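Asks: I need the structure of the sequence given here:
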Amino acid sequence: QVQLVESGGGLVQAGGSLRLSCAASGLTVSSYIMAWFRQAPGKEREFVAAIRWSGGITYLADSVKGRFTISRDNAKNTMFLQMISLKPEDTAVYHCAARLAYAGISYDRSRYDYWGQGTQVTVSS
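Replies: Modelled structure (predicted):
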C-alpha cells in the first residue's frame, strides 16, 4: 500500500522559513517523480516543485524559484521542500504526489498517481 505522509507545515510570518517533509512508503521511489502541489482556499491545486528521484533533476514553478528548494534523502525515502522568504500568497495546503518517472515530468495534477493528505502552511503578513 502506497503512503505519502507530509509534515512540517505551520504558521509563520512573512519573510520566514519552513521545511516540509514527505515520507514515502509502499513504492520504489527510484522509479518515480515526486512533486509538491499546493491548494489555496477557493483556488485550484497548482504545481510547486518536483524531483526525479533517480538522478535528482528538479523542476520549480516560476512563482517559487529562488525561494523554494526541493530535495530528497535516499536512505529515508523522504522528500523535502525548503521554503524561505515566505509570502502571504504562499498560504495553502501543500500536498506531495508521485508519478512514474518513465512517463516524464508533468505539471498537471491529474497526471499523478498517488497523493498525501497535505499539510497546512499559513503565512501571516
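Asks: phi first, then psi, for R109.
Replies: When read as degrees, to the nearest 10, the backbone of R109 gives phi -60, psi -30.
Asks: typo on my end, it should be R111
Replies: The phi/psi pair for R111 (degrees, to the nearest 10) is phi -90, psi 0.
Asks: give the contact list for it.
Replies: Applying Cβ atoms under 8 Å, 6 or more residues apart in numbering to R111 gives the contacts 99, 103. Yep, even glycine has a C-beta here, placed from its N, CA and C like the rest.
Asks: so which residue is dead centre in this protein?
Replies: Centroid-nearest residue in the chain, with Cα atoms, centre = their mean: W36, separated by 2.1 Å.
Asks: next, the contact list for S25, please.
Replies: 2-3, 5, 77.
Asks: what's the burial count for V123?
Replies: Around V123 sit 20 other residues, with neighbours defined as other Cβ atoms under 10 Å.
Asks: distance between the one helix or strand it maps to and the chain's centre?
Replies: Assigned by DSSP states H and E, V123 belongs to strand 119-124. In terms of Cα atoms, centre = their mean, to the nearest Å, the centre of strand 119-124 is set 14 Å apart from its chain centre.
Asks: list the contacts of that strand.
Replies: With contacts defined as Cβ under 8 Å, 6+ apart, strand 119-124 is touched by 6-14, 16, 18, 20, 38, 83, 86-94.
Asks: again with stretch 37-57
Replies: Here stretch 37-57 has contacts from 29-36, 58-61, 64, 68, 70-72, 74, 79, 81, 89-97, 101, 105, 107-109, 112, 118, 121, using Cβ under 8 Å, 6+ apart.
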